[in-house]
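S.K.: Return a 3D structure for these sequence lines:
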Amino acid sequence: MLQRIIAALVGLGIIVPAIVLGGMIGANIVAGIALLIAMDEYTRMAVPEHNLKALAAMVLAGGAVYASILFGPAGMAVWVLALAAILMFVGSMLLVPDTAAGQQAATRLAAGLLYVPVMFSFVIQVRRLEDGLAWLFLTLCITWAGDTGAYFAGRAFGKHKLFERVSPKKTWEGFFGGMVASVIFAGVFKQFFLPQLGWHHVVLLGVVLDIVGVVGDLVESMFKRAFGVKDSGWIMPGHGGILDRIDSLLFTAPVAWVIATQLGLG
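M.R.: Below is the predicted model:
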């Protein structure tokens, strides 16, 4: 636990000043570095026997998709994503000698395009909102509050398994404990940084982001079980890899952006 806390504090000590003091430039730099590491981790898990080829394809295709979403003109991301998927399919067919392994590599890498660069791009989309810095930290902190609340509630009261086939340690008691923590934190955050939110928005954000955060965690657990790995990487001592830390955020950031934009809150 001490190692996890120290690693988290060191990470926050680097990331928070870069995002706050660096503005959009700092946020883009931090996100770009995290994206590259996440794509590397995903390809190492998904296609370990052809990692260098897969990583090159993922960085080229995934980077193009990510850039087209955030910096390209309207509509560009759709055809860039289509071309990137074609690259994954054709590249896997030509470069992987075994046909079955090639098909598996193609589907795993195509899924990785959606899972990593597309969903991760919403972190920057949230930052671009009006009051984007507050919305970004609200999203991050609700996500982490839910995870932390679930951990302690699960340890204290956990008896009923949530989804044992995918994540044996998660419990319903932890799930509801995380939800309570998320709503409480959203309320505290509203009072200091986003007073324009109504209390019904606080409950909506706390409940919905906690639910999709848990789903994001379960999805990554499903991937890791399918790929036969325990952690996505090793870069964060006590925490595993970048994907192990942002698995929930990959789901909460898109939903937070949708709520903020569709309800006129951002």
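
S.K.: helices or strands up against the strand ranked longest in the chain?
M.R.: Determined from DSSP state E, the single longest strand within the chain is strand 167-171. Counting contacts by 3 or more Cβ pairs under 8 Å, 6 or more residues apart in numbering; DSSP states H and E, strand 167-171 is packed against helix 132-157, strand 161-163, helix 199-227. In short, each C-beta sits where N, CA and C put it, glycine included.

S.K.: So for Ala260, which of these sits nearest?
M.R.: With Cβ to Cβ as the criterion, Ala260 lies closest to helix 132-157 of these, at 5.9 Å.

S.K.: Give me the helices and strands touching that closest one, please.
M.R.: Against helix 132-157 (3+ Cβ pairs under 8 Å, 6+ apart) you get helix 2-46, helix 119-127, strand 167-171, helix 172-193, helix 199-227, helix 249-262.

S.K.: Okay, now the unreliable bits of this structure?
M.R.: 1-15, 233-239 (pLDDT under 70).

S.K.: quick one, what contacts Phe175?
M.R.: If you count contacts by Cβ atoms under 8 Å, 6 or more residues apart in numbering, Phe175 has them with 150, 162, 214.

S.K.: Filter these down to the buried ones, PyMOL style.
M.R.: Selection of buried members from the contacts of Phe175 for PyMOL, criterion 16 or more other Cβ atoms under 10 Å:
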select buried, resi 150+162+214
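
S.K.: just curious, which of the contacts of Phe175 is nearest to Gly177?
M.R.: When the contacts of Phe175 are compared against Gly177 (criterion: Cβ to Cβ), the nearest one is Ala150, at 5.7 Å.

S.K.: and the closest residue to that closest one other than its chain neighbours, what does it touch?
M.R.: Take Ala150 and drop its neighbours on the chain: the residue closest to it by Cβ to Cβ, 6 or more residues apart in numbering is Gly178, 3.2 Å away. By Cβ under 8 Å, 6+ apart, the contact list for Gly178 reads 145-151, 153, 210, 213-214.

S.K.: go on, Val214?
M.R.: Contact partners of Val214, counting by Cβ under 8 Å, 6+ apart, are 146, 150, 162, 170, 175, 178, 248.

S.K.: got the CA positions of the longest strand of the chain in PDB?
M.R.: Extracted C-alpha coordinates of strand 167-171, given in PDB (Å, rounded to 0.1, in the frame of the first residue of the first chain):
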ATOM      1  CA  SER A 167     -12.800  -9.700 -11.600                       C
ATOM      2  CA  PRO A 168     -13.000 -12.000  -8.600                       C
ATOM      3  CA  LYS A 169     -12.200  -9.300  -6.000                       C
ATOM      4  CA  LYS A 170     -14.900  -6.900  -6.900                       C
ATOM      5  CA  THR A 171     -18.100  -6.900  -4.700                       C
END
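
S.K.: re the thing from before, please tabulate the helices and strands packed on strand 167-171 in JSON lines, including the columns distance to Val78.
M.R.: Below are the helices and strands packed on strand 167-171 laid out as JSON lines (distance: least, Cβ to Cβ, whole Å):
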{"stretch": "helix 132-157", "distance to Val78": "24"}
{"stretch": "strand 161-163", "distance to Val78": "33"}
{"stretch": "helix 199-227", "distance to Val78": "23"}
